[in-house]
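S.K.: model the structure of this input:
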Amino acid sequence: MSNIMFFCIPAHGHTNPTIGVVRELVKLGHCVRYYSFTEFQEKIEAAGAEFVACDSYLPPAPDDLDEKVGKDFASLIEMVADTTIALDPLVKEDIAAFHPDCIISDSVCFWGKLFAWKYQIPFVCSTTTMAFNQHTAKLMKQSFTEIIRMFTGMPRIQKKMEYLRQNGYQIENFVSIIQNDNETNTIVYTSSRFQPMAETFSKRYLFAGPSVAETSIVPICPTSARKKRPQIYVSLGTVLNNNIEFYRNCIKAFSEIDCQVVLSVGKNTDLSKLGEIPAYFTVLPYVNQLEVLAKSDVFVTHCGMNSVQESLYLGVPMVLFPQHSEEYAVAHRAEELGTGVRIKRASVKTLKKAVQEVIKNPQYKKNAMEMRENFMQCAGPAGAAAWIEKVIPQKEEKAEAEDDRAL
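M.R.: Numbers count the residues shown, from 1 in each chain. Now for the predicted structure:
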């Protein structure tokens, strides 16, 4: 059996889809050493992997994090370079002791890819977002501010590229780090139907469908078994979710609709600032999203890939309210497939109109259920684990490669 190093960033939407695959790899007898952050330790160890904490190696979060996430590319590259160099001594020592047969890394956890390159270890990319190449990248809508930040940040990016080269990382340019290529074995946690321009990706890509751990799967609650009022679920995810104005607008908009409402507002939102909350509203810092979605009729979402996939996995249509370029691409695809209504601003009037449209028009539910059926036909976590087994070089191949490097 193989020894596998797994790297991920500190984000629920990037970690959660990997848990089912890790569990399946462990079932197959592989040893998985997962480099992550203490917030995720419990679920990683529950999947059977060995957890390695990376918290102390991550640079301090900037005060203006909310303004930079998904928008300031130079800051992202700086963080990646600094984290890579900080982690390098630990990873080098672990490689010598653990002898990994493969490194699996999240597509935006670039230090995992960089370690695989530097230490010449077979690499598998784990893509919890859409797969982006030179074709699909055109779908990402960048604001004028993002374009300006990219232009003005190029000197900072080049400085960090040189910093990595000086530390033994042979990098051609920053594009080679961030872009999916057709020569890399890659798991994508969606179906080829949901993935835009799937035909532009090589056979090295496995579109495995949403990875939902078996212990988390919740059966869809039949409409007949619910309360008479439809249920609206609202969440802006786990990162950029401190948006008092948005939540206040939701409360006002949906108080005018005969419905049940669940708001997941994040741990940093001051609930006292939300004003009077109607009796049929449930407002919490955090909820079990799968359990809530299974009982919901519409999901008002920021369009994080994980949230959209889970919604469609349970056949729930959406109101799509993307916040930055990656989420714009996800929202565009969900809208194209007729699984939701996209809004550009979250005014009281707009929110109310969009939710009513999704609830009253059965076609959105029908399209969402069709995507659910499509997802059910994908390989899933077990299929992804079996696929990883096949792409990891066998011991004989690894020995030959090491002999070639020695020569």
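
S.K.: can we go C-alpha only for contacts and neighbour counts from here?
M.R.: OK.

S.K.: please enumerate residues in contact with the host helix or strand of residue 187?
M.R.: Under DSSP states H and E, the secondary-structure element containing residue 187 is strand 185-188. When contacts are defined by CA atoms under 8 Å, 6 or more residues apart in numbering, strand 185-188 is touched by residues 123-131, 204-209, 384, 391.

S.K.: just the buried residues of these.
M.R.: 123-131, 205-209, 384 (16 or more other CA atoms under 10 Å).

S.K.: which of those sits closest to residue 177?
M.R.: Nearest to residue 177, judged by CA to CA, of the buried ones among the contacts of strand 185-188 is residue 125 at 11.6 Å.

S.K.: so that closest one lies in a strand, does it not?
M.R.: Yes. Residue 125: assigned to a strand according to DSSP: H, G, I helix; E, B strand; the rest coil.

S.K.: ok, now how distant is residue 27 from residue 314?
M.R.: 26 Å (CA to CA, to the nearest Å).

S.K.: same check, this time on residue 2
M.R.: Computed with CA to CA, the distance linking residue 2 and residue 314 is 34 Å.

S.K.: to the chain's geometric centre, what's the distance from stretch 384-396?
M.R.: Relative to the mean C-alpha coordinate of its chain, stretch 384-396 is positioned 24 Å out (CA atoms, centre = their mean, to the nearest Å).

S.K.: do stretch 40-55 as well
M.R.: From the chain centre to the centre of stretch 40-55 is a distance of 18 Å (CA atoms, centre = their mean).

S.K.: tell me the buried residues in that stretch?
M.R.: Using 16+ other CA under 10 Å as the burial criterion, the residues of stretch 40-55 that qualify are 40-41, 44-45, 47-52, 54.

S.K.: circling back to that earlier point, higher neighbour count, residue 27 and residue 314?
M.R.: residue 314 (25 against 14; other CA atoms under 10 Å).

S.K.: picking that back up, output the buried residues of stretch 40-55 in a markdown table; the columns should cover distance to residue 263.
M.R.: Output for the buried residues of stretch 40-55, formatted as a markdown table (distance: CA to CA, whole Å):
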| residue | distance to residue 263 |
| --- | --- |
| 40 | 23 |
| 41 | 26 |
| 44 | 27 |
| 45 | 29 |
| 47 | 29 |
| 48 | 32 |
| 49 | 33 |
| 50 | 34 |
| 51 | 32 |
| 52 | 33 |
| 54 | 31 |
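
S.K.: residue contacts, residue 283?
M.R.: Applying CA under 8 Å, 6+ apart to residue 283 gives the contacts 262-265.

S.K.: can we see that at 10 Å?
M.R.: Listed by CA atoms under 10 Å, 6 or more residues apart in numbering, the contact set of residue 283 reads 234, 247, 251, 261-266, 271, 274, 277.
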